[in-house]
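K.L.:
Here's my sequence, what's the structure:
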Amino acid sequence: MALKQEFAEYLALREKMVMPAPWEMSMVEYRFRTLPNPDFIGKPEPIFSVEHKVISGPNGYLPIRIYRPSDEPNLPIMLYLHGGGWVIGNMDGFEPTVRSLSNKGKFVVVQVQYQKAPEHPFPTPFNDCYSALEWVVRNAELLKIDATKIGVGGDSAGGNLAAAVAIKARDTGLVKLAFQMLVYPCTGHDGSLPSAINNGEGFGLTSQVMRWFESQYAQDDADLDNPYAFPATSKNLSNLAPALVVTAEYDPLADDGRLYAEALEKAGVKVIFKEFLGAIHGFNALAGVAPEVATEVQQFLADGINSYLKGSI
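P.N.:
Residues are numbered from 1 along each chain as shown. Below is the predicted model:
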């Protein structure tokens, strides 16, 4: 399918903005230049409540936000991990996305502001996210959620972190996760995959930038084969939480998500997979650019999660 017009116009606008490559700027400037743009991410929709808290993580305090679609008790919950290549991004940039998911799915969502590379490379962001899951599990009663319906999810690097957290949750027996939601996740680091080559330039995220992100996150070569850093390197994907995997047609990471979904299925894990045609990396958080597409993917994700929660698949 051809690139959707909304995304073509968005990419043309970005091209006019002429931003230097990440490695050509200081980290301070790069993060400033990539702060959330309301015209791109859209306006956050109303929701019953948003609670701001700070919890103790393994390396310091972690800000979190708790989104509730209603005051109904014993709702399911998703720990949501935002994208940004482990280097940029914050909770503000995914505020419209998580509110939409919470309202559509009728489940609680918790966002966490994990620490970023390169100052805090792997395993710090991963440990922060796993610690946030531990906090959710320990505080199920305080959160008034159903402790048997806890899941993880995220976009891009957040999808990587969610997949990795799901693996560790299985390894440690912390909790039997009800689902893992992986939206155009970075699961490996293979720049030779067809999508990394065919979609490597011209569609927003480039393969060169993706490789740079990976080098900032995994600063030790040994981390490249660590499934907590790159889940696709895992030798054992069995007994993981049912997965919901979404990819975009014009995304360097399209094959990351597709191949990981196939590997999960081969390992006996339930998988719901969909590639959104005509879409680019990041489209789930571009409601201001393509509101109909964002609504479609968020409804698909909410419905998929609920199909797992209700045991209908």
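
K.L.:
for stretch 132-151, how far is the first residue from the last?
P.N.:
Criterion CA to CA, to the nearest Å; first-to-last residue distance in stretch 132-151 is 12 Å.

K.L.:
So what touches that stretch?
P.N.:
With contact meaning CB atoms under 8 Å, 6 or more residues apart in numbering, stretch 132-151 is reached by 55, 57, 62, 64, 66, 73-79, 107-108, 110, 112, 114, 152, 165, 169, 174-181, 241, 305, 308-309. For glycine as for every other residue, the C-beta is placed from the backbone atoms N, C-alpha and C.

K.L.:
Which ones among the residues you listed lie within helices?
P.N.:
Residues of the contacts of stretch 132-151 located in helices (DSSP state H): 165, 169, 305, 308, 309.

K.L.:
could I get the residues you listed as JSON lines with neighbour count?
P.N.:
Shown next, in JSON lines, are the ones in helices among the contacts of stretch 132-151 (neighbours: other CB atoms under 10 Å):
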{"residue": "165", "neighbour count": "29"}
{"residue": "169", "neighbour count": "22"}
{"residue": "305", "neighbour count": "27"}
{"residue": "308", "neighbour count": "23"}
{"residue": "309", "neighbour count": "20"}
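
K.L.:
And these, which is closest to residue 298?
P.N.:
Taking CB to CB as the measure, residue 298 lies nearest residue 305 of the ones in helices among the contacts of stretch 132-151, at 10.6 Å.

K.L.:
follow-up on the earlier one: mark which of the contacts of stretch 132-151 are buried, thanks.
P.N.:
Listed as buried from those are 55, 57, 62, 64, 66, 75-79, 107-108, 110, 112, 114, 152, 165, 169, 174-175, 177-181, 241, 305, 308-309; burial here means 16 or more other CB atoms under 10 Å.

K.L.:
Sitting in strands, which of those residues do you find?
P.N.:
Among the buried ones among the contacts of stretch 132-151, DSSP state E puts 55, 57, 62, 64, 66, 75-79, 108, 110, 112, 152, 179-181 in strands.

K.L.:
Correct me if wrong: residue 11 contacts residue 280.
P.N.:
Yes - using CB atoms under 8 Å, residue 11 makes contact with residue 280 at a distance of 7.2 Å.

K.L.:
who has more neighbours, the two?
P.N.:
Shown here are residue 11 and residue 280; by other CB atoms under 10 Å, residue 280 has more neighbours (28 against 16).

K.L.:
Wait, the more buried one touches residue 204, no?
P.N.:
Yes - the criterion here is CB under 8 Å, and residue 280 meets it with residue 204 at 5.1 Å.
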